[in-house]
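**Q** Pasting a predicted model and its sequence here:
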Amino acid sequence: MPPATRLVVLALAATLAGPALARPRTDRLPIPELLERYAAGDFDDVAKAFDENTDYDEVLKDLKKAAPGWLDAGGATDRPRRVLAAATFALEAGRAGSFHDWKLVQNWIRLENIYWHAPAKLVEWGCALLRQSSPEPRPIERVWHLASIALVDRVGDFEFLIGSPWEARANPKDEILHLEHAAERFPHERRFALAQGIAAEWRLFPTRQSGSREAEKIFESLQDDAQVGGEASVRLGLMRLRNKTVRPALALFDAAERQTREPWVVYLARYFRGLALENAERRDEAVGAYRGALDAIPGAQSASFALAALLAQQGHRIDAAVVVDRALTPGTPVPDPWRAYGLADARFWPELIDRLHREIAPAPAETAR
Amino acid sequence: MRPRTRALVVSAAMFAAAVAPTLGQGPGREPDHARSPERVARQAQGQAPPAPQTPRAVFRATTDLVTIPVFVKGDADTVAGLTAADFVLTDNGVAQSVEMIDSESLPVDVSVIVETSRALENYASDVHEQVRRIAGMVRPGDRLEVLGVGDYVTVLVPFGPPGRVEALPQPASQGLTSINDALVAALVREPDPDRRHLVIALTDSIDTRSTVDVDTVLEVARQSNATLVVSWITLSIDDQAREPPGEPPPWIASYEKLARHVNLLPCHACGGPGALLRQRPRGQPWMPHKAPPLPRTIYAFDAVKEATELTGGGLYPPGIFVNRNASVIFDKVYADFRRNVVLRYRPEGVERVGWHDVTVTVPDHRGLDVRPRRGYLVEAEAPGAKSASGAAAQPVDAGAPTSTRPSSPAAPAPATATARLPGSLDALVAAASPGTLDAARAVVAEAAVDPDRLAALILAFRDAGNLWPSEPRREFVLALMLAGAAAESGSDRVRMLGVDLLGRYERLVRSPLGLDDYERDWLLAEAAVLEGAMRPAETLPRIRAALARFPDDARLLLARAVLADQLTAVPPDSGGRALGETAVAQLIGYYDAVPAASAVSDEARIRKSWLLRRLGRDADADAALAGVEPRETTLAGWRDLVATQPANAGGSDPAWQAYWRADFRVLSELVTALWP
């Protein structure tokens, strides 16, 4: 080989090998063993192992390899539980991985390629496992899908949920369309419809014209629903507010208060009401609205700071200082619905994963009952 | 444009874009030049302030003292030789007689604000080091706190002696930046009215997450007692500024900020190998849900600069040829701050309430740079509010009433004892709020003595709506208690009020995630109330609705059968009627639908047996009862009743009343289990 060619080959080899060598190696996770422990209720330790892991490609590969045998090992009776355990195992691995890696977006001339990485694929693998394991979904599968949406909402990857209906993709066959899978299994679940609206809302934001109509239509169709109508009304109200139609927005916030008692939604309805009123120079009413929001979630920072600023501007500096003091207590701040507005269903993760855990490995007391 | 100039302009522009009016700051908010001090003052005079929660301090024109810190820069000897007589201070244009205070002796509270957002991840260790150095400069008698700014504003170190900061762990860099919120928080707070307050923010001032906008920071600064200093951490070239004109700028996400600062990512407009390949970070964080940056103006930059100057502080960009890092700036500012001239006066000849413009000059030394606080606000005295300043003259900082603070301004004003009528809504709220169910029960029992009073309480409760927004389950349980009390009332109207009340809550108790144990348990308690109401024509649809939610629940299935059976037991004016053959068959089917293996199967068989006996089908009745040996005393009693009584038994006999009211007997237990 001529020296110049040899140099080129060496350089190429170094370029290709560099990232692989640079990647920190960890011990490969023993997936079959972890699966077994997970199904037996050792959730915290398995989650910790996921957190310490760095190579989720290996997790996905090993899970795909180990799962078929492991699912069969418990016999037909135990299979549904094992399917749920494996799917939830994948979900938790995907969640741990999402803090490190999720997807790659490449711009290629005018088109974008989206490549989902192992954490996202783990979620989709769990989804496929549930779908393929039984033609008729069990009720707990609905909880799994809700948990997967909670995870994806936290990541903020709305394309994972609804694809890219408004853009051309260079690799359209790689679309995942996760919500479609969930909706096919549970066509009457309104929370999935709401998730679709939220995904459309943020996927298109800040486009205020044609695109956001899609989201508005979905929210409008859900306004009167007993389960999600309150949140749909609040989100629709905010869209109206963005379009500077204050009166309809206020009506929607009122409607939300009548429909739900969920503090998260009530807070948002009142906080947005405060914003609208402040913007309309109705500051005393805005003060009342912000105080109302803080009644729903005491110490939440968005309403606290908005209220404090308003009070300070009105000269009520002592009141303002007290409001700020309540929002600035040492330690972890109170979760703020406005700060987490775009995270949507992520707030349900703890409850949902707890329900899944209880189904996979019920506590002794629950079994006895 | 020279690089340094360009860096300044670009960073300012970036800042301006980031803090431009956004969704979170009130959609469509008009520029806040309308919020002039005059306007604020007009508001203070013309509009009633929100009802005060507690007595508020107010100024008394004859007794109140106003304190104005004045930053004087110039020849050291000249500054040191200044006396009160050298200063001319005007308050709303009226010259005042002033005295000078020894500012060195006044203790200082120092608030350090540091960014912990992901955008400044690469600067985290440097920022941490700066905080440590600043802590080392604070005098022992002064106090220091450290606030972190990410998605949230957090207290990293609460106020206390500065030495503790040595042990401050470096906070993890994550999230977006709520710097406006942090500035407002620091400016609004007044840790100790007897101490002066210096706020120094180590930030790039680019806000991506705040609730309030930069104009609000400016307005709050105008009335703050604190002195605000902003030390910019970095200035860097903004790649975004090179994007093709006409394209909307992307959102300023945290990682994009980072990218701009450290040039980690190739930019498609930057040329070079990455020209066609823009790779975002692999972990895609949630992007800030804000409106896109509006056209960039220098206004926002001016606002934060003006905010600092309003407080007597300043904005310091990092030096390129000199060391202007935060600790060096702090060292200088802190020294100047302690040496500030502090003037005090008793306002004469000016309207007390409203905004006071203050000017300070030193006519004999025009070369000096004199920067006083520019004014203060005296709010209108609320009706009934007492002066906290008392008769004695009380020195106060500009615009700052020094009074005891209200303990909980956000809490609703508690109803006074005299306002609480027995059995009233106020009394119920007061009893239920601390969390004692028995106290609430007592109030309901008081109201239940009189049907009219109970009806009034139910209506008031219904109209009041969301009484415990942070803990709605309290409201759900009280609805059951009220409806339960109504079910025992002799008044049909009151009983129906209770039933209607429950109808309002059937939707509200639902979890946003769908069916859950709480909803089922609440519906079971509702079923108990409905059984107790003895209004089957109205309550049967309710239980059918509950069954639509939990179609397999044995207790609800039994409740449906009980209510359908009640149709045969209550008088016609309560909806009773004789059942036809089809209805009877349906009713028997209801009893049969209760699963044999369930906990209520014995009760279902006892009740079915009694139905059959009343229909004259004694053999079938005996067969239904065969083998039923319940352990529970009440059920055992009912079994004996059904087995031994004649078919026409019933009427007003208490044992039969209890029989027909079924689970109403356990309502109290069900309610207790639901109480949060």
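**A** Now that the structure is in, tell me what you want to look at.
**Q** Just the C-alpha atoms of the longest strand anywhere in chain B, please, in CSV.
**A** Assignment by DSSP state E gives strand B:64-73 as the longest strand of chain B. Output of strand B:64-73 as CSV, limited to C-alpha atoms (Å, rounded to 0.1, in the frame of the first residue of the first chain):
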residue,chain,number,x,y,z
ASP,B,64,-42.3,59.3,59.2
LEU,B,65,-38.7,59.5,58.3
VAL,B,66,-37.5,58.6,54.8
THR,B,67,-34.1,57.2,54.2
ILE,B,68,-32.4,57.7,50.9
PRO,B,69,-29.1,55.9,50.0
VAL,B,70,-26.9,58.0,47.7
PHE,B,71,-24.0,56.6,45.8
VAL,B,72,-21.4,59.3,45.4
LYS,B,73,-18.3,58.7,43.3
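**Q** Let me know how buried the residue lying closest to B:Tyr152 once chain neighbours are set aside is, in neighbour terms.
**A** Of all residues not flanking B:Tyr152 in the chain, A:Pro333 sits nearest, at 4.2 Å (CB to CB, 6 or more residues apart in numbering or on different chains). For the C-beta atoms, the positions are set from N, CA and C on the backbone; glycine is no exception. Applying the criterion other CB atoms under 10 Å in any protein chain shown, we find 20 residues in the vicinity of A:Pro333.
**Q** residues in contact with A:Pro333?
**A** Shown in contact with A:Pro333 (CB atoms under 8 Å, 6 or more residues apart in numbering or on different chains): A:Gly299, A:Gln301, A:Ala327, B:Tyr152, B:Val153, B:Thr154.
**Q** Next, count neighbours for B:Val628.
**A** Every residue meeting other CB under 10 Å relative to B:Val628 is counted, giving 19.
**Q** same deal with A:Ala168?
**A** 9.
**Q** Can you verify my assumption that it contacts A:Glu175?
**A** No - counting by CB atoms under 8 Å, A:Ala168 stays clear of A:Glu175, with 11.8 Å between them.
**Q** Tell me if stretch A:234-248 is near chain B.
**A** Yes - using CB under 8 Å from any CB of the partner chain, stretch A:234-248 reaches chain B at A:Leu238, A:Leu241, A:Arg242, A:Lys244.
**Q** nope, stretch A:117-126 is what I was after
**A** Yes - using CB under 8 Å from any CB, stretch A:117-126 comes into contact with chain B via A:His117.
**Q** which outside residues touch that stretch?
**A** For stretch A:117-126, contacts defined as CB under 8 Å, 6+ apart pick out A:56-57, A:59-60, A:63-64, A:86-91, A:93-98, A:100-104, A:116, A:144, A:148, A:151-152, A:157, A:160, A:176, A:178, B:282.
**Q** Can you flag the buried ones in the residues you listed?
**A** A:56, A:59-60, A:63, A:86-91, A:93-98, A:100-103, A:116, A:144, A:148, A:151-152, A:157, A:160, A:176, A:178 (16 or more other CB atoms under 10 Å in any protein chain shown).
**Q** Could you export the contacts of A:Pro333 as CSV, including distance to B:Arg607?
**A** Below are those laid out as CSV (distance: CB to CB, whole Å):
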residue, distance to B:Arg607
A:Gly299, 51
A:Gln301, 56
A:Ala327, 56
B:Tyr152, 57
B:Val153, 61
B:Thr154, 60
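**Q** Just the ones of these in helices?
**A** Secondary structure from DSSP state H places A:Gln301, A:Ala327 of the contacts of A:Pro333 in helices.
**Q** Dump the contacts of A:Pro333 to CSV, plus neighbour count.
**A** Converted to CSV, those look like this (neighbours: other CB atoms under 10 Å in any protein chain shown):
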residue, neighbour count
A:Gly299, 18
A:Gln301, 29
A:Ala327, 25
B:Tyr152, 24
B:Val153, 28
B:Thr154, 21
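**Q** how would you label B:Leu198: helix, strand or coil?
**A** Per DSSP: H, G, I helix; E, B strand; the rest coil, the secondary structure class of B:Leu198 is strand.
**Q** Tell me if I'm right that it and B:Val229 touch.
**A** Yes - contact criterion CB under 8 Å: B:Leu198 and B:Val229 qualify, at 7.2 Å.
**Q** got any residues that touch both of these two?
**A** Listed as contacting both B:Leu198 and B:Val229 by CB under 8 Å, 6+ apart are B:Gly313, B:Val333.
**Q** quick one, what contacts B:Ala593?
**A** Applying CB under 8 Å, 6+ apart, the residues near B:Ala593 are B:Leu557, B:Ala561.
**Q** ditto for the one 10 residues further on
**A** Contacts here follow CB under 8 Å, 6+ apart; on that basis B:Glu603 touches B:Leu558, B:Pro630, B:Leu635, B:Trp638, B:Ala662.
**Q** Spatially nearest residue to the last one, not counting backbone neighbours?
**A** Nearest-residue entry for B:Ala662: B:Glu531, 4.3 Å, with adjacent residues in sequence omitted and distances by CB to CB, 6+ apart.
**Q** Just the element for the one you found, please.
**A** helix B:517-533 (DSSP states H and E).
**Q** What are the buried residues along that helix?
**A** Buried residues in helix B:517-533 (16+ other CB under 10 Å): B:519-520, B:522-533.
**Q** What is the nearest of those to chain A?
**A** Ranked by distance to chain A (CB to the nearest CB), the buried residues of helix B:517-533 are led by B:Glu519 at 10.4 Å.
**Q** Please tell me how far stretch B:617-625 is from the chain's geometric centre.
**A** How far stretch B:617-625 lies from its chain's middle: 62 Å, per CA atoms, centre = their mean, to the nearest Å.
**Q** Equivalent analysis for stretch A:66-82, please.
**A** Relative to the centre of its chain, stretch A:66-82 is centred 29 Å away, using CA atoms, centre = their mean.
**Q** Quick check: which ranges of the stretch 151-300 of chain A have low pLDDT?
**A** For the stretch 151-300 of chain A, applying pLDDT under 70 flags the ranges A:205-211.
**Q** Show me where it has its helices.
**A** With DSSP state H, counting those that start in this stretch, the ranges of helices along the stretch 151-300 of chain A come out as A:158-162, A:178-185, A:190-204, A:210-222, A:229-242, A:246-259, A:263-279, A:283-296.
**Q** so which of these comes closest to B:Leu674?
**A** Smallest distance to B:Leu674 across the helices of the stretch 151-300 of chain A (CB to CB): 17.4 Å, for helix A:263-279.
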